[in-house]
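J.: what follows is a predicted structure for the sequence shown.
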Amino acid sequence: MPEVPGWIDWEMWDGAIALKGMTIDRPARSAHPSYPDIIYPIDYGYVNDSISVDGEELDVFVGSASNGLVAAIFTSDIRKGDQECKLIYNCSPEEIYLVNGFINYDTSLMNGRLLLRRPMKALWTL
């Protein structure tokens with residue numbers, strides 16, 4: 001499991017999303033293209049014109065709220081043998097829990113550590 005860093009440049013990624021936008025290539029309730037038994041619980045895609053550690057665009061889960069960048073989850077994919085960061089954007093507290101559960105559903109395949117931008121209690125009051 002990757003060690004969670006103590007910070008993310010939240011403002012930089014907010015700016016990148018505002019400037020470049022996002023592409024949703026796996027809408028909520030769609031199946032993973034390589035693993036059809038894996039169903040995405042919320043929209044999933046990437047930040048346009050970005051690069052992640054795997055050489056692809058930076059992944060992002062997008063929810064139904066309007067609260068911006070609220071969290072990130074640092075994942076270890078056992079099948080691919082890689083580690084990366086996935087952003088969590090416009091998500092309610094329930095959707096943040098849903099993403100965390102989705103990533104950690106079967107830790108023999110993938111696991112992740114959640115890093116919140118603000119305390120969860122604050123998100124419940126927004």
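T.: Looks like it arrived, so ask away.
J.: which other helices and strands contact the worst-scoring helix or strand of the chain on mean pLDDT?
T.: Least confident helix or strand, the chain: helix 120-125 with a mean of 86, by mean pLDDT, DSSP states H and E. When contacts are defined as 3 or more Cβ pairs under 8 Å, 6 or more residues apart in numbering; DSSP states H and E, helix 120-125 packs onto helix 93-103. No exception for glycine: its C-beta is placed from N, CA and C like everyone else's.
J.: could you pull up the mean pLDDT of the helix it packs on?
T.: Confidence for helix 93-103, expressed as mean pLDDT, is 97.
J.: show me the contacts for Val62.
T.: When contacts are counted by Cβ atoms under 8 Å, 6 or more residues apart in numbering, Val62 is found next to Met22, Ile24, Ile42, Asp43, Tyr44, Gly45, Tyr89, Asn90, Cys91.
J.: please name the bridge partners of the first one.
T.: Beta-bridge pairing of Met22, defined through DSSP bridges, involves Val47.
J.: mind checking pLDDT for it?
T.: Taking Met22 on its own, its pLDDT is 98.
J.: kindly export stretch 21-30 (C-alpha atoms) in PDB.
T.: Output in PDB follows, covering the C-alpha atoms of stretch 21-30 (Å, rounded to 0.1, in the frame of the first residue of the first chain):
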ATOM      1  CA  GLY A  21     -11.900  20.200 -17.900                       C
ATOM      2  CA  MET A  22     -12.600  16.500 -17.400                       C
ATOM      3  CA  THR A  23     -13.700  13.600 -19.600                       C
ATOM      4  CA  ILE A  24     -16.000  11.000 -18.200                       C
ATOM      5  CA  ASP A  25     -15.300   7.800 -20.000                       C
ATOM      6  CA  ARG A  26     -16.900   5.400 -17.500                       C
ATOM      7  CA  PRO A  27     -20.300   6.800 -16.500                       C
ATOM      8  CA  ALA A  28     -21.900   5.600 -13.200                       C
ATOM      9  CA  ARG A  29     -23.200   2.000 -13.400                       C
ATOM     10  CA  SER A  30     -21.000   1.200 -16.400                       C
END
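J.: perfect, I'm done here.
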